[in-house]
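Engineer: Give me coordinates for this.
(2 chains)
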Amino acid sequence: MSTSSRGGPHESLARDLTASVAGDVAAFERIYRRMAPSLASYLRWNGVVDVESLTNEVMTQIYRNLPRFTGDADAFRSWAFTIAHHRMVDDRRAEGRRPPVVDGDIDAEDVVGNVEDEAIDLLSDERVRLLFDGLSPDQRDVLLLRVVADLSIDDAALALGKPPGAVKSLQHRALAALRRQLDREKMDT
Amino acid sequence: MTDDRLHLSHQAHGPDTDAAEMLWGDQDQWVVAMLDELDDEQMDALLEGSTAVQGLEPVAAVMRRLRASAAAEPVPPMSAALRALLDEPPARVRHLSAVARGSLARAAVAASVAAVALLGAGAAQNRLPTEFQDIVSSAAELVGIDVPRSQERDSADSGGNHRDADGPTVDPSGAAGHDGSGGGDGPGDDGSTPGAATGADPGSPGDQEPATPPDGSKGRGATGQPAPENGRATDPVRPIGPANGDGVAGSNGNGSTNSNPAGQANGTGNAK
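Structural biologist: Prediction:
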């Protein structure tokens, strides 16, 4: 997605990936420490309850299939989050759980001050979660893959099994929906 | 559409009316249109939490918060199952070991088959060294395969007669199989002429059966024991089937098939 976040960590992941494919267990442990938190965050923002267990399932599947993986660090991240997304969808279906949708029903007390910058700086995780609950599942998946997973449009498209153009459209509509909800909050104050 | 108009519309119609949704939808389209005008770099910056586009700063703030939350996510503890999996030998090593073992096994089997084939071919042609020939012959007999013994090779080389595994020695000249001539060097040479002793016509052509000894013992009998050539007693070719030890003709009656160096004047000739 962004070249500014690449560099050291990206090259380090590439080295560990090569070593891990060759059978270096310590290298895979480093990959685990690097990937597991973002995978867990992605699952958590998607409403998964047992984040730790599902994250380990994802990493286990990654490890089992690692000998057959070919590609660079970006491809690996895309592949890892594709697995995580599929596991999340399966988990959601098994739980019969659908993320709650909040249609502009944000408590005015959550909004502090009238100054836009002050309100923004005091955003809490819970508030962001409420904002994201106002998105459609596809819109939420796209934003999380782009922001939390740090995937490009094309890699996010591969993970979701959608054309890049559709992913880009979903991204824009998701951002617009967030903008709309933020405006509603402001108006309710 | 300005914020004031949105506010008035919201108050007048409420958030759940179709009109309000249309207004909000119009605004969404306005934001979407604004976002469409951003290039990839500007869009990436927005998603990273930074924007210079007026009106999108609240969205950038949400992105910043989301990134901060993701960065603060702790490393989940590795499960015991995954830990155990890491402690196992790598799949590639296991796979390569299995492949190597399989290759070695296949090579060993192929080498064994080739060795057995060569051995069998050599044994069938009675070309193996004496010790090995006899060993292979004995082993083959256990499974009902008739393989000549080394002595038969020696006999064939010296007499030039055909060796019939199931019958007596056949003289290619058509004469009786027992000419009694020639001093036998082989074991059990009793110098007797089987045919003559029993009164059989030694010169009868095509006589391939040793004469029945006067004592009633069979010169050959059903055992298929071949008559010796040149008066020499030789080891018979054992018939296919159970081991024979029940009174082979020409023996001393105890079933021995060994040659009788002392010979027997009863003309069995095929005393063994």
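Engineer: Helix or strand with the lowest mean pLDDT in chain A?
Structural biologist: Lowest by mean pLDDT, DSSP states H and E among the helices and strands of chain A is helix A:116-121, with a mean of 50.
Engineer: Following element in sequence after that helix, please.
Structural biologist: Using DSSP states H and E, the helix or strand that directly follows helix A:116-121 along the chain is helix A:125-133.
Engineer: Which residues does the helix or strand that A:V89 is a member of contact?
Structural biologist: In the assignment (DSSP H and E), A:V89 maps to helix A:73-95. Outside helix A:73-95, the residues within contact range by Cβ atoms under 8 Å, 6 or more residues apart in numbering or on different chains are A:10-11, A:13-14, A:17, A:35, A:39, A:42-43, A:46-49, A:54-55, A:57-58, A:61-62, A:69, A:71, A:98, A:141, A:145, A:149-152, A:155-156, A:158-160. For glycine as for every other residue, the C-beta is placed from the backbone atoms N, C-alpha and C.
Engineer: rerun at 6 Å
Structural biologist: A:10, A:13-14, A:17, A:35, A:39, A:42-43, A:46, A:48, A:54, A:58, A:61-62, A:149, A:151, A:155, A:158-159 (Cβ atoms under 6 Å, 6 or more residues apart in numbering or on different chains).
Engineer: Likewise for stretch A:168-175?
Structural biologist: Contacts to stretch A:168-175, defined as Cβ under 6 Å, 6+ apart, come from residues A:135, A:138-139, A:142-143, A:153, B:32, B:35, B:59.
Engineer: what does chain A have sitting close to chain B?
Structural biologist: Counting by Cβ under 6 Å from any Cβ of the partner chain, the residues of chain A lying close to chain B are A:1-2, A:23, A:25, A:33, A:36-37, A:40-41, A:52, A:55-56, A:60, A:67, A:104, A:120, A:123, A:125, A:128, A:146-148, A:172, A:175-176, A:178-180, A:182, A:187.
Engineer: Shouldn't B:L35 be within a helix?
Structural biologist: Yes - under DSSP: H, G, I helix; E, B strand; the rest coil, B:L35 falls within a helix.
Engineer: which parts of stretch B:33-50 are buried?
Structural biologist: Residues B:34-35, B:38, B:42-49 are the ones in stretch B:33-50 that count as buried (16 or more other Cβ atoms under 10 Å in any protein chain shown).
Engineer: Next: stretch A:163-181.
Structural biologist: A:167-181.
Engineer: In terms of distance to B:V143, which of those ranks first?
Structural biologist: A:V167 (72.4 Å; Cβ to Cβ).
Engineer: in which helix or strand would I find the closest one?
Structural biologist: Per DSSP H and E: helix A:164-188 holds A:V167.
Engineer: I'd like to know how many residues surround B:Q151.
Structural biologist: Counted with other Cβ atoms under 10 Å in any protein chain shown, the neighbours of B:Q151 add up to 18.
Engineer: Helices of the stretch 1-150 of chain B, residue ranges please.
Structural biologist: Using DSSP state H, counting those that start in this stretch, the helices found in the stretch 1-150 of chain B span residues B:3-13, B:18-36, B:40-48, B:57-71, B:80-87, B:91-124, B:130-142, B:150-159.
Engineer: Least reliable of those helices by average pLDDT, please.
Structural biologist: Least confident of the helices of the stretch 1-150 of chain B, judged by mean pLDDT, is helix B:3-13 with a mean of 46.
Engineer: re earlier: pull out the buried residues from the residues of chain A next to chain B.
Structural biologist: By neighbour count, with 16+ other Cβ under 10 Å, the residues of chain A next to chain B hold A:1, A:36-37, A:40-41, A:52, A:55-56, A:60, A:104, A:120, A:123, A:128, A:146-148, A:172, A:175-176, A:178-180, A:182, A:187 as buried.
Engineer: how about the most centrally placed residue in chain A, what does it touch?
Structural biologist: Taking Cα atoms, centre = their mean, the centroid of chain A lies closest to A:L144, which sits 3.2 Å from it. Contact analysis of A:L144 by Cβ under 6 Å, 6+ apart lists A:42, A:45.
Engineer: May I ask which helix or strand encompasses it?
Structural biologist: Using DSSP H and E, A:L144 sits in helix A:137-147.
Engineer: Only C-alpha atoms, please: export that helix in CSV.
Structural biologist: The C-alpha trace of helix A:137-147 is given here as CSV (Å, rounded to 0.1, in the frame of the first residue of the first chain):
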residue,chain,number,x,y,z
PRO,A,137,-19.3,-6.1,5.8
ASP,A,138,-17.6,-5.7,2.5
GLN,A,139,-16.7,-2.1,3.2
ARG,A,140,-15.3,-3.0,6.6
ASP,A,141,-13.3,-5.8,5.2
VAL,A,142,-11.7,-3.6,2.6
LEU,A,143,-10.8,-0.8,5.0
LEU,A,144,-9.4,-3.3,7.5
LEU,A,145,-7.3,-5.1,4.9
ARG,A,146,-6.0,-1.7,3.6
VAL,A,147,-5.3,-0.2,7.0
